[in-house]
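Novice: Make a model of this:
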Amino acid sequence: MVKTGKSLSKKKAGAVTGDEESARGRLLSAATHLFCKNGINATGIDAIIGEAGTAKTTLYKLFGSKTNLVHAVLENEGKQWREWFIGAIEAGGGDAQTKLTRIFPALKSWFGEERFYGCPFINAVGEHDKDQKQFRNIAMRHKKVVLAHIEKLASEMGAAEPEMLAHQLALLIDGAIVAAMVSRNPDVADTAGLAAGSLFEPAKKKRRANAAAELVAV
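Specialist: Purely as a prediction, here's the structure:
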């Protein structure tokens, strides 16, 4: 069967879209690695396209600017990290406290990876003008999702103030990330985990008291 010009045109357009998608993926991967390893400001466009194996025109066609590429990297990294983090603490089931105690062992595993360079959001905000909201807004959206999941588990655990507990755990998480990045020592996660354990004690005592009261009532 003879293909019409319209069909050929569609096929060609599909191939170009596939090529662009491949180039986009390579650019995101290269930019993520270089931004995290060397810093955003220290990484030039030439280094990114060199590692990605694409042309400079392709980068600008797909992202428009380096700033837009940074935004895309942060959004992509945030999505992947949240999926990994929530998956790691939910894996294996168990009650809410069991899930919360998985936070720091999961972080320790991440800290031990060869390509661990800290949190891309902390790094991005840290190396730019603190009055600029562009990267801070992306970072805050990321943190809100993480905090919401931790707060939900804290509530299920029976914490008196789930929101407060979530913020306390988030501070320990951020502190451990920065400490691991500086020290290159994954064991800082163990120290943060011990500190987190003390935060769970009030809820544990409350559950024990409730259980005892139920037994008396019976």
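Novice: Am I right that Met157 is in contact with Thr101?
Specialist: No. The pair Met157 / Thr101 is not scored as a contact, 10.2 Å apart, by C-beta atoms under 8 Å. For every residue, glycine as well, the C-beta is placed using N, CA and C.
Novice: give me the low-pLDDT residue ranges for the chain?
Specialist: Scanning the chain for pLDDT under 70 picks out 1-17, 130-131, 203-218.
Novice: try 90 this time
Specialist: 1-21, 92, 115, 125-136, 201-218 (pLDDT under 90).
Novice: Residue ranges of each domain in it, please.
Specialist: For the chain, automatic domain parsing gives the domain ranges 1-64, 67-217.
Novice: quick one: the shortest one to chain centroid distance?
Specialist: In this view, domain 1-64 has its centroid 23 Å away from the chain centroid, taken as C-alpha atoms, centre = their mean, to the nearest Å.
Novice: Which one's more surrounded, Met157 and Thr101?
Specialist: Met157 (20 against 15; other C-beta atoms under 10 Å).
Novice: For the more buried one, which residues are in contact?
Specialist: 95-97, 100, 200, 203 (C-beta atoms under 8 Å, 6 or more residues apart in numbering).
Novice: likewise Ser198?
Specialist: When contacts are counted by C-beta under 8 Å, 6+ apart, Ser198 touches no other residue.
Novice: Now stretch 160-177: buried residues?
Specialist: By neighbour count with 16 or more other C-beta atoms under 10 Å, stretch 160-177 contains the buried residues 162, 165-170, 172-173, 176-177.
Novice: Same question for stretch 40-47.
Specialist: By 16+ other C-beta under 10 Å, the buried positions in stretch 40-47 come out as 40, 43.
Novice: Adjust the sequence numbering to begin at 53 for everything that follows.
Specialist: Got it, the first residue is 53 from now on, which makes the last one we talked about stretch 92-99.
Novice: Looking at the buried residues of stretch 212-229, which are in helices?
Specialist: Secondary structure from DSSP state H places 214, 217-222, 224-225, 228-229 of the buried residues of stretch 212-229 in helices.
Novice: Let's have those residues in a markdown table, adding distance to Met192.
Specialist: Shown next, in a markdown table, are these (distance: C-beta to C-beta, whole Å):
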| residue | distance to Met192 |
| --- | --- |
| Pro214 | 19 |
| Leu217 | 19 |
| Ala218 | 15 |
| His219 | 13 |
| Gln220 | 18 |
| Leu221 | 17 |
| Ala222 | 12 |
| Leu224 | 19 |
| Ile225 | 15 |
| Ala228 | 20 |
| Ile229 | 16 |
